[in-house]
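Asks: Sequence isn't available, so here's the structure alone:
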């Protein structure tokens, strides 16, 4: 979906955007989405996204929220932003370690509320009509049941296992407008009734036996979530998401980095173990880059650059190019494999390609740029043969082909207009860009210009927040007001 958005922008092909919107709209309506507690289940077993496998994976929440955020930028439709907010409410409520870091998954099965000794698929999520009527008032239940397709005998027809006998999987069966018309109320009244009903049902559901929580904290999946939260904090202007991303990054830097600087893969019950693989490095570096762009704290960019150098040393194939899955310091195998297929999660090579080109744009490091080019060349034959299997690598290719932008915001962090300038940069879909901040003065300026030499001369004009939009470090005339920034970005 993220690739299709880029293709839509590059080729000006409306069908690509239509495909993205159709999918995002339908999955948010379907049973694959948890309409009470939010978050997406792992996959659907039918063509209409109705009957899911009820497991919830951290990486799914991270990847799909990014697609919704980009669709929101591309279209301005608030329902996409609302879905992202709901996903993150679930993640921060149910999937976050108290000290930072995110758990891996919640199981599909749980004990039946009627028979605690019996475990069933989706038992935590399905409802009978009678259960709903006990919790809600009569009018609330009628509106809720109509909107979410609840039936007296249950709404799951394809139930070979019998797990859902008499039960309902919630899905949006009728729109707000259709529900309003059916009950002679306004859409606003219906929305209020449904919101109130969902709160009551969430409270009731919290008393049920919960699915097992896989409380491992895996570095690669956490990198994806940090990336999405950091990006969302800018797109939705929500500081809580940035704080959660920072807290998790700090947790990882404290608990999943060996004394020699080597990243580790897994943390559980105060123990970190397993030497990090290419996915761990690539995904966490991606999160750190997004965290830099969300905070403009140069420490995150410095960490990303240092870890990228370590990643190249440990995983790069000096003979044929590309990244091996395991490091040169890992147990010696007969064959060191390379993974580059973008499946349920993207490959480490694909994310690493994007990391390299983004860091090259930010730091002017030519070695990173050459490595990104080599990566694309190494896997080009496979991509041409089956491009649908390499959508994340194609996202990196799209960035490399450009045109890519370097956007620099110069001035004082305490200025009242800086938030407005940042919002103007993130309100539209400009995927192939890097964003940097150039402070007016201070110790941080020396650190930053050492990291990003091209920002040194991009100063604030007359003490005002100034935005530079550049391409290959050639900048348009600087802008000091919101309207001019928006005009430049619209081009």
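Replies: Yes, it's here. Source: prediction; values computed, not measured. Numbers count the residues shown, from 1 in each chain.
Asks: Buried residues of the helix or strand of the chain with the lowest mean pLDDT, list them for me.
Replies: Across the helices and strands of the chain, mean confidence by mean pLDDT, DSSP states H and E is lowest for helix 443-451: a mean of 85. Of the residues in helix 443-451, those buried by neighbour count under the rule 16 or more other CB atoms under 10 Å are 444, 448, 451. To be clear about C-beta, it is placed using only N, CA and C from the backbone, and glycine gets the same treatment.
Asks: residue ranges of the strands in the stretch 51-200 of the chain, please?
Replies: 52-53, 56-57, 105-106, 109-111, 119-121 (DSSP state E, counting those that start in this stretch).
Asks: Then the stretch 301-450 of the chain?
Replies: So, for the stretch 301-450 of the chain - with DSSP E, counting those that start in this stretch - the strands run 405-411, 433-439.
Asks: And the least confident helix or strand of the chain, what does it pack against?
Replies: Applying 3 or more CB pairs under 8 Å, 6 or more residues apart in numbering; DSSP states H and E, we find helix 443-451 packed against helix 298-315, strand 433-439.
Asks: could I get the ones you listed as a markdown table with distance to residue 92 and mean neighbour count?
Replies: Shown next, in a markdown table, are the helices and strands packed on helix 443-451 (distance: least, CB to CB, whole Å; neighbours: other CB atoms under 10 Å):
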| stretch | distance to residue 92 | mean neighbour count |
| --- | --- | --- |
| helix 298-315 | 20 | 20 |
| strand 433-439 | 24 | 22 |
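Asks: Let me have the ones you listed in a markdown table, extended by distance to residue 81.
Replies: Shown next, in a markdown table, are those (distance: least, CB to CB, whole Å):
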| stretch | distance to residue 81 |
| --- | --- |
| helix 298-315 | 25 |
| strand 433-439 | 20 |
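Asks: Relative to residue 383, which of those is closest?
Replies: helix 298-315 (20.0 Å; CB to CB).
Asks: roughly how far is that closest one from the heart of the chain?
Replies: The offset between the C-alpha centroid of helix 298-315 and the centroid of the whole chain comes to 21 Å, using CA atoms, centre = their mean, to the nearest Å.
Asks: tilt between it and helix 443-451?
Replies: Here the directions of helix 298-315 and helix 443-451 differ by 30 degrees (axes from the mean of the first three to the mean of the last three CA atoms, to 10 degrees).
Asks: What's the end-to-end length of stretch 267-280?
Replies: 12 Å (CA to CA, to the nearest Å).
Asks: Leaving out chain neighbours, which residue sits closest to residue 19?
Replies: If the residues on either side of it in the chain are set aside, residue 19 comes closest to residue 4, at 5.8 Å by CB to CB, 6 or more residues apart in numbering.
Asks: so the one you found sits right up against residue 20, yeah?
Replies: Yes - taking CB atoms under 8 Å as the definition, residue 4 is a contact partner of residue 20 at 5.0 Å.
Asks: of those two, who's got more company?
Replies: Under the neighbour definition other CB atoms under 10 Å, residue 4 and residue 20 were set side by side, and residue 20 has more, 24 against 21.
Asks: Would you mind listing the outside residues contacting the helix or strand harbouring that one?
Replies: Taking DSSP states H and E as the definition, residue 20 sits inside helix 14-29. By CB atoms under 8 Å, 6 or more residues apart in numbering, the residues outside helix 14-29 that reach it are 1, 4-5, 7-8, 33, 40, 44, 48-49, 64, 67-68, 71, 74-75, 79-80, 83, 171-172.
Asks: any idea of the mean pLDDT in that helix?
Replies: Helix 14-29 shows an average pLDDT of 98 in the prediction.
Asks: what's the answer for stretch 470-489, then?
Replies: This predicted structure assigns stretch 470-489 an average pLDDT of 92.
Asks: Number the chain from 17, please
Replies: OK, 17 is where the count begins now, so the last one is stretch 486-505.
Asks: Wait, residue 399 touches residue 411, no?
Replies: No - with contact defined as CB under 8 Å, residue 399 does not reach residue 411; the gap is 11.7 Å.
Asks: is it true that residue 307 touches residue 241?
Replies: No - in this structure residue 307 lies outside contact range of residue 241 using CB under 8 Å: 11.5 Å.
Asks: For the two, list the residues in contact with both.
Replies: Shared contacts of residue 307 and residue 241 (CB under 8 Å, 6+ apart): residue 261.
Asks: Name the nearest residue to residue 183, ignoring sequence neighbours.
Replies: Distance criterion CB to CB, 6+ apart; nearest residue to residue 183, sequence neighbours excluded, is residue 142 at 3.9 Å.
Asks: Relative to residue 251, how far out is the one you found?
Replies: Noted for residue 142: a distance of 33 Å to residue 251, by CB to CB, to the nearest Å.
Asks: of these two, who's got more company?
Replies: Taking other CB under 10 Å, residue 142 and residue 251 do not tie; residue 142 has more neighbours (24 against 21).
Asks: Hmm, that one is touching residue 187, no?
Replies: No - counting by CB under 8 Å, residue 142 stays clear of residue 187, with 11.5 Å between them.
Asks: ok, the residue nearest to residue 183 - contacts?
Replies: Taking CB under 8 Å, 6+ apart as the test, what residue 142 contacts is 172, 180, 183, 184, 185.
Asks: related to what we said a few turns ago, can I get the buried residues of helix 459-467 in CSV with distance to residue 221?
Replies: As requested, these are exported to CSV (distance: CB to CB, whole Å):
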residue, distance to residue 221
460, 47
464, 48
467, 48
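Asks: Out of these, which comes closest to residue 137?
Replies: Of all the buried residues of helix 459-467, residue 467 has the smallest distance to residue 137: 50.2 Å, by CB to CB.
Asks: For the stretch 117-266 of the chain, which segments are assigned as helices?
Replies: If DSSP state H, counting those that start in this stretch is used as the criterion, the helices of the stretch 117-266 of the chain fall at 145-151, 154-164, 192-199, 203-221, 235-251, 255-271.
Asks: so which of these is the most packed in?
Replies: Compared across these, helix 235-251 shows the largest average neighbour count, a mean of 26 (mean count of other CB atoms under 10 Å).
Asks: thought residue 312 was touching residue 453?
Replies: Yes - between residue 312 and residue 453 there is a contact under CB under 8 Å: 3.7 Å.
Asks: Could you name every residue contacting both of these two?
Replies: Going by CB under 8 Å, 6+ apart, residues that sit against residue 312 and also against residue 453 are residue 429.
Asks: and residue 232, what is it in contact with?
Replies: Counting by CB under 8 Å, 6+ apart, residue 232 has contacts 119, 120, 282, 283, 284.
Asks: Which residue, other than its chain neighbours, is closest to the fourth one?
Replies: It refers to residue 283. For residue 283, the spatially nearest residue (CB to CB, 6+ apart) is residue 233, at 4.3 Å.
Asks: just residue 231 next, same as before
Replies: Once chain neighbours are set aside, the closest to residue 231 by CB to CB, 6+ apart is residue 119, at 4.8 Å.
Asks: State the number of residues packed around the residue nearest to residue 264 when sequence neighbours are not counted.
Replies: In space, and not counting its chain neighbours, residue 264 is closest to residue 116: 4.5 Å by CB to CB, 6+ apart. A total of 22 residues lie near residue 116 under the criterion other CB under 10 Å.
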